[in-house]
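Student: Here is my input; please provide its structure:
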Amino acid sequence: MIEILILTHGNFGAELLKSAEMIIGNQQNITAFGLIPGMEPEKFAKAIQRKLDTIPDPSQCIILCDLFCGTPSNVSAMLSNDYDIECISGINMPMLIEACTMRLSLDRKTLVGNILKSGADGCKNIKEEFNAVKKDEI
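Tutor: Okay, the predicted model is just below:
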């Protein structure tokens, strides 16, 4: 099973995981790390590194971050070279649900592609989408 680490500013990742579990049920092998105000990036990185050191095969890990070039993203980029892990920024609910539901059936590279597609496909102008449905019904 592919392990998932969620790296975000504050408690966003932990709360996003709780919300995803409301929809798809309890998830195993997912850990959320929040960078709290005043926390040194080195301390944040050390916590993630300790977790990666407990994973039997870190190459079967994907990190999902909130903001490209933010501290969580920068830490994941740094660690990705040492642990051969994939890192994706811009986490949203569709991405997390895709990662959770497809990680048993897809290899890491394919899963990364699916996660990116789900993230982009999940962004919609709701008003335009509903208006398009109404026009199709006419």
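Student: quick one: secondary structure of Pro94?
Tutor: At Pro94 the chain is in helix, as set by DSSP: H, G, I helix; E, B strand; the rest coil.
Student: quick one, what contacts it?
Tutor: Ser118, Gly119, Asp121, Gly122 (C-beta atoms under 8 Å, 6 or more residues apart in numbering). Every C-beta, even on glycine, is put in place using the N, C-alpha and C of the backbone.
Student: what about it, distance to Cys123?
Tutor: As defined by C-beta to C-beta, to the nearest Å, Pro94 lies at a distance of 8 Å from Cys123.
Student: cool, and Phe130?
Tutor: Computed with C-beta to C-beta, the distance linking Phe130 and Cys123 is 15 Å.
Student: show me what contacts the closest residue to Leu96 other than its chain neighbours?
Tutor: What sits nearest to Leu96 in space, not counting adjacent residues and going by C-beta to C-beta, 6 or more residues apart in numbering, is Ala20, at 4.8 Å. Applying C-beta under 8 Å, 6+ apart to Ala20 gives the contacts Gln27, Met93, Leu96, Ile97, Cys100.
Student: Would you mind giving me the confidence score for Ala20?
Tutor: At Ala20, the model reports a pLDDT of 98.
Student: my guess is it is in a strand, correct?
Tutor: No - according to three-state DSSP, Ala20 belongs to no strand; its state is helix.
Student: Report the separation between it and Leu116.
Tutor: Distance of Ala20 to Leu116, computed by C-beta to C-beta: 17 Å.
Student: and what of Asn74?
Tutor: Taking C-beta to C-beta, one finds Asn74 at 19 Å from Leu116.
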